[in-house]
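Student: Sequence plus predicted model, see below.
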Amino acid sequence: MGRTVLLIEDEPNIIEAIRFILSRDGWVVHTHSDGTTAYQSVLEKRPDVVILDVMLPGKSGFDILRDIRGGSETGALPVLMLTAKGQAKDREMAEQIGASRFMAKPFSNTDVLSAVRELAEG
Amino acid sequence: MITFNMLVVVCLTYVVLLFVVAFVAERRAAAGRVAWLRSPLVYTLSLSVYCTAWTFYGAVGYAARSGLEFVTIYLGPTLVLIGWWVVLRKLVRIGKTQRITSIADLISSRYGKSNVLGVIVTLMAVVGTTPYIALQLQSVTLSFAVFAERGPAQWAMGDLNATALWVAAGLALFTVLFGTRNLDANERHHGVVTAIAMEAVVKLIALLAVGLFVIWGVAGGLGEMLTRIEASPLAETHFNSGRWVGLTFLSAAAIFTLPRMFQVLVVENADERHLATASWAFPLYLFLMSLFVVPIAVTGLRVMPEGANPDLFVLTVPLSQGQEGLAALAFLGGFSSATSMVIVAAIALSTMVSNHIVMPLWLHWKEAGATVSGDVRKIVLRARRISIAAILVLGYLYYRLTGGSEVLAAIGLVSFAGVAQVLPALLGGIFWRGATRKGAAAGLILGFATWAYTLFLPSFGPGVAMSAEIMVNGPFGLDWLRPQALFGVTGIDPVVHAVFWSITLNTFAFFAVSLSGFPSPMERLQGAQFVNVFEHSSGARGWSHGAAEAEDLLMMAQRILGSREAQALFQRAASEQGKAGYLPEPTPEFIERLERELAGSVGAATAHAMVGQIAGHSSVSVEDLMAVADEAAQIMEYSSQLEAKSEELARTARQLREANEKLTEISEQKDAFLSQISHELRTPMTSIRAFSEILMEGAALSEDQLTRYSSIIYEEAIRLTRLLDDLLDLSVLERGQVSLNRQRGNLRELLDRAVAATGSLDTQARMAIARDPASEDVALMTDTDRLSQVFINLIANAHKYCDAAAPRLTIVVRRLPEGTAVDFIDNGTGIPKKSQDIIFEKFSRLGDHSSAGGAGLGLAICREIMDKLGGSIAYLPGQGGAAFRVILPASRAEAA
């Protein structure tokens, strides 16, 4: 059965790129662009891995991660965080809240792919 | 033939008249009618106490013996009064501001309210004045004797003594009655002064009458008189310049150092301006008094038998010519001279004795202080009355001891020389701030001792007070210490010798000791008050705000001033402080004022001591207070320096904190900015890198995919370039490095250009742009390229963000007072109110920007540009869509 990824990202070109990379590898890619309803989408889609951008309209990626870690069903969900800010304090913040992986944009396609694979395998 | 009894009647009548005059004057003064009592005329006449029986009778005797030398006695005072501006004015002003009661009080007050000096001067004054009082008693009794000799009744020496005693008693009674009516010695003794003024008139008239009589009655005319003077032995007396200078100096000093002269000149002075009148009127009086001295002397020497006492010529010449009425008038003149002197001298001396000797002793004995004991007022008055009696008793005893046979003039000069010892301390005190208490004491004591040794003791005659052996060979055979030839200086007149040495040694000691030490703080304060009396006529300082209780002060003041006056004083002070009732706050100012008031009654030193017992414990001296004040001042200065420093530190710290806050803020802004930049750069890069990698892999991609992905890479690269351009543009604008390229232009052309430039964005030509070309015809003088950039930005924003189904942009040009307004209004949803404020900030892109791809710098750049062009750009709310108003300043718009 196909493994699913939920991509929470608002930049259309980046969505298209990641979707292409993961789909090619056999992943089912769901996308969501609005921060305020992102957690709701996680609960609905029940993905194996979540790829989460930090800068989202409506709600910050960090807040969404808190919600995910706080939820009983989503507490252990692997989350790959992506950020275009790339500053040390963002990385610390992500680790503190409980991001499984942290990656700065621009990323290498293979890195994203292998990270998602690793996270899915636990 | 005038009988002795008749003379007694005349004399008694005159005395009764004196009492009546004094009484009426007191009554008038009490009723407040003091106008003429305080006239300059009365003041001038009261100064005539200078002319005692010695001058009245003695001047003629003096002239008969020594020729014109008697003039020196009038010359000195005349010079001092003519030069009143220099010394007298200052003395009177000091007397008023410091409420000086006597010359002893002046010296005491000047040198730090030192009572030791007060005692020294008082003793000197008593010693110097007693022989003088004796002299007056003697002159009165002698003049009685003149009449008695001619009467049927036989006069014995005992009768003479009895007369002296009666006269002394009568004078004591008068002085007590009118001289101690009020305690405040600084208040005018209206009765006494008026009586003295009347006596001045009597003696002047008497002497003038005798003078006129001898010229026209005896000699038969002015010409004859002059001839007789030519022929008299007076014309042959030689001129002794040493004595002239010495005696003029002595009499000049006497005019303000004699206790009685100080009394009438300074203490009884009602108005400083009276001095100006007295400065010419008193010399005139003295001139009239001396006018007929020589004619009377010459006539006396001619008509009187050999051996007749020339001191009594004024009386005996008229008598010998059978002019008994005139003789009686002359007698009254002499009587007036004697009594006025005794009365005033007794008042002055009794004030000094009671204030400087009795009161300090009494205060010392009454350890408990002035608050608990009885009525101080009564005690002071009693002390003063007893002092008056004692002084007259002393005078009487002196008269009895010396046998009443002295030459009048000699006693007068001895007395003058004695009181003149105050001169260095007095003049030094009012003109030299460096004068000290010790210097004054040293000068006074040395001068007085020298005077006593060289003049006073020898004046009793060899073998009386000083053995003839000492007079001739000096004490213990020390030749250079001979009383009348100190240091071997011989051949000088004894009086001049004594005056020279006593004043020289006095002055030398005064300056030497003063210079060798420092004045104490209190002396310095008082010294400044005295020397600079015209600069600051305020009272003496000295009381710090202490434990003085207003009630205790009132109790004490009542005892000294009397309850009515004390209460009035306190009430006045309280109401000045804005308080009701009788008890003012015992502020230092009030205590000083009270002390001054009290000083008017009991003298500065005693008043100070009495207030000190209440205001501060006696153990704390003013010197201590001053020391504390000095120390406190230093501490205050130091602490104010510290305060200033710490304030400066606080200020620096505040500035640092502010700078730090600003830096932190800037740093945060920079972080946020960098973070934004980073985000804006990395986002397109991410897409570029991802799709580049996909293309590079050479994976099997459809033609569509290839086209699409490469076009994404292209678009994102363009986006990056635009972002970098905008960033650079903004940075240049913000740093003010932009150079504007002003040129002529037309608004309509600029708008045409902007619409055309943005046309490519609207590939489907959806956006309708509404314009009114007529209103756009505005000439401009500005950087047209920059202004176009703003217009393009705004039109492009409308293209990007207007979300209406049929987007429409309306461009309206209006003339407003502040300039030409160009409004860009679309029909989209517009910008929410809460965001309207931030849209001009950098990276303030609102909401989803997926379709736009702007970095959020456009409006920030527009704002910077309009700022540089002198115009403005603002969001225009309430237009039914997004609306921006660009304002071109009027001057720029119409410059073309």
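Tutor: Ah, there it is.

Student: helix/strand/coil for the residue nearest in space to the middle of chain A?
Tutor: The geometric centre of chain A, computed from its C-alpha atoms, lies nearest to A:Ile51 (Cα atoms, centre = their mean), at 1.4 Å. Applying DSSP: H, G, I helix; E, B strand; the rest coil to A:Ile51 yields a three-state assignment of strand.

Student: Same question for B:Ala442.
Tutor: helix.

Student: Was I right to think it contacts B:Phe508?
Tutor: No: counting by Cβ atoms under 8 Å, B:Ala442 does not reach B:Phe508; the two are 9.4 Å apart. Bear in mind the C-beta positions are built from the backbone N, C-alpha and C, glycine included.

Student: quick one, strands of the chain?
Tutor: Assuming you mean chain A. Assignment of strands within chain A using DSSP state E yields the ranges A:4-8, A:28-32, A:49-53, A:79-83, A:101-104.

Student: other chain: chain B
Tutor: Along chain B, counting by DSSP E, strands occupy B:743-746, B:768-770, B:779-782, B:808-816, B:819-826, B:872-875, B:883-889.

Student: Out of these, flag the one nearest B:Arg654.
Tutor: strand B:872-875 (34.9 Å; Cβ to Cβ).

Student: Next, count neighbours for the residue lying closest to B:Ala757 once chain neighbours are set aside.
Tutor: Closest residue to B:Ala757 apart from its sequence neighbours, by Cβ to Cβ, 6 or more residues apart in numbering or on different chains: B:Ile792 at 5.2 Å. Other residues near B:Ile792 come to 20 when the count uses other Cβ atoms under 10 Å in any protein chain shown.

Student: Relative to chain A, how far out is B:Ile792?
Tutor: When Cβ to the nearest Cβ, to the nearest Å is applied, the distance between B:Ile792 and chain A equals 25 Å.

Student: Next one, pLDDT for that residue please.
Tutor: Per-residue pLDDT puts B:Ile792 at 89.

Student: Could you check how far the lengthiest helix in chain B is from the centre of its chain?
Tutor: As far as residue count goes, and with DSSP state H defining each element, the longest helix of chain B is helix B:622-696. The gap between where helix B:622-696 is centred and where its chain is centred comes out at 51 Å by Cα atoms, centre = their mean, to the nearest Å.

Student: neighbour-wise, which of B:Ala442 and B:Phe508 wins?
Tutor: Neighbours were tallied for B:Ala442 and for B:Phe508 using other Cβ under 10 Å; the higher tally belongs to B:Ala442 (22 against 15).

Student: Any part of the helix or strand of chain A with the lowest mean pLDDT near chain B?
Tutor: Least confident helix or strand of chain A, by mean pLDDT, DSSP states H and E, is helix A:88-97 with a mean of 85. No: under the criterion of Cβ under 8 Å from any Cβ of the partner chain, helix A:88-97 makes no contact with chain B; the nearest approach is 8.6 Å.

Student: Could you report the distance from the residue nearest to B:Ala757 to B:Tyr875?
Tutor: Here the distance between B:Ile792 and B:Tyr875 works out to 18 Å (Cβ to Cβ, to the nearest Å).

Student: and residue 85, how many neighbours?
Tutor: Let's take chain A. Using other Cβ under 10 Å, A:Lys85 has 18 other residues around it.

Student: hmm, I had chain B in mind actually
Tutor: Neighbouring residues of B:Trp85 were enumerated by other Cβ under 10 Å; the total is 11.

Student: Report pLDDT for B:Asn186.
Tutor: Listed pLDDT for B:Asn186 reads 52.

Student: Next to chain B in this structure, residues from chain A, please.
Tutor: Of all the residues in chain A, those lying near chain B are A:10-14, A:16-18, A:20-21, A:24, A:33, A:55, A:57, A:84-87, A:104-110, going by Cβ under 8 Å from any Cβ.

Student: filter the residues you listed to the buried ones?
Tutor: Listed as buried from those are A:10-14, A:16-18, A:20-21, A:33, A:55, A:84-86, A:104-107, A:109; burial here means 16 or more other Cβ atoms under 10 Å in any protein chain shown.

Student: And B:Ala346, how close does it get to chain A?
Tutor: With the distance defined as Cβ to the nearest Cβ, B:Ala346 ends up 105 Å from chain A.

Student: no wait, B:Val8
Tutor: In this structure, B:Val8 and chain A are separated by 127 Å, where distance is defined by Cβ to the nearest Cβ.

Student: Only the buried residues of stretch A:45-52, if you could.
Tutor: Neighbour count says stretch A:45-52 has A:45, A:47-52 buried, by 16+ other Cβ under 10 Å.

Student: try stretch B:273-289
Tutor: Under 16+ other Cβ under 10 Å, the buried positions of stretch B:273-289 are B:274-275, B:278-279, B:281-283, B:285-286, B:289.

Student: for the strands of chain B, which one sits closest to B:Ser241?
Tutor: Nearest to B:Ser241 among those is strand B:883-889 (101.3 Å), distances taken as Cβ to Cβ.

Student: which neighbours does the closest one have in its sheet, and in what orientation?
Tutor: Based on DSSP bridges, the pairing partners of strand B:883-889 within the sheet are strand B:819-826 (antiparallel), strand B:872-875 (antiparallel).

Student: Please save the CA atoms from the first one in PDB.
Tutor: As requested, C-alpha coordinates have been extracted for strand B:819-826 and formatted as PDB (Å, rounded to 0.1, in the frame of the first residue of the first chain):
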ATOM      1  CA  GLY B 819      -0.600  70.200  -3.900                       C
ATOM      2  CA  THR B 820      -1.800  68.000  -6.700                       C
ATOM      3  CA  ALA B 821      -3.300  64.700  -5.600                       C
ATOM      4  CA  VAL B 822      -3.300  61.600  -7.800                       C
ATOM      5  CA  ASP B 823      -5.600  58.900  -6.500                       C
ATOM      6  CA  PHE B 824      -5.400  55.200  -7.600                       C
ATOM      7  CA  ILE B 825      -8.600  53.500  -6.600                       C
ATOM      8  CA  ASP B 826      -9.500  49.900  -7.600                       C
END
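
Student: what sits up against that strand?
Tutor: Outside strand B:819-826, the residues within contact range by Cβ atoms under 8 Å, 6 or more residues apart in numbering or on different chains are B:747, B:751, B:778, B:791, B:794-795, B:798, B:802, B:804, B:807-815, B:871, B:876, B:879-890, B:892-893.

Student: Average pLDDT for that strand, rounded please.
Tutor: With pLDDT averaged residue by residue, strand B:819-826 scores 90.

Student: ok now that strand, how far from the chain's centre?
Tutor: For strand B:819-826, the distance from its own C-alpha centre to the chain's C-alpha centre is 75 Å (Cα atoms, centre = their mean).

Student: How about stretch B:307-318?
Tutor: Distance of stretch B:307-318 from the chain centroid (Cα atoms, centre = their mean) equals 56 Å.

Student: Check stretch B:493-504 too.
Tutor: When distances are taken as Cα atoms, centre = their mean, stretch B:493-504 is centred 40 Å away from the chain's centroid.

Student: residues of that stretch that come out buried?
Tutor: Result for stretch B:493-504 [16+ other Cβ under 10 Å]: buried residues B:494-503.

Student: so B:Val193 touches B:Val42, yeah?
Tutor: Yes: contact criterion Cβ under 8 Å: B:Val193 and B:Val42 qualify, at 6.3 Å.

Student: higher neighbour count, those two?
Tutor: B:Val193 (26 against 23).
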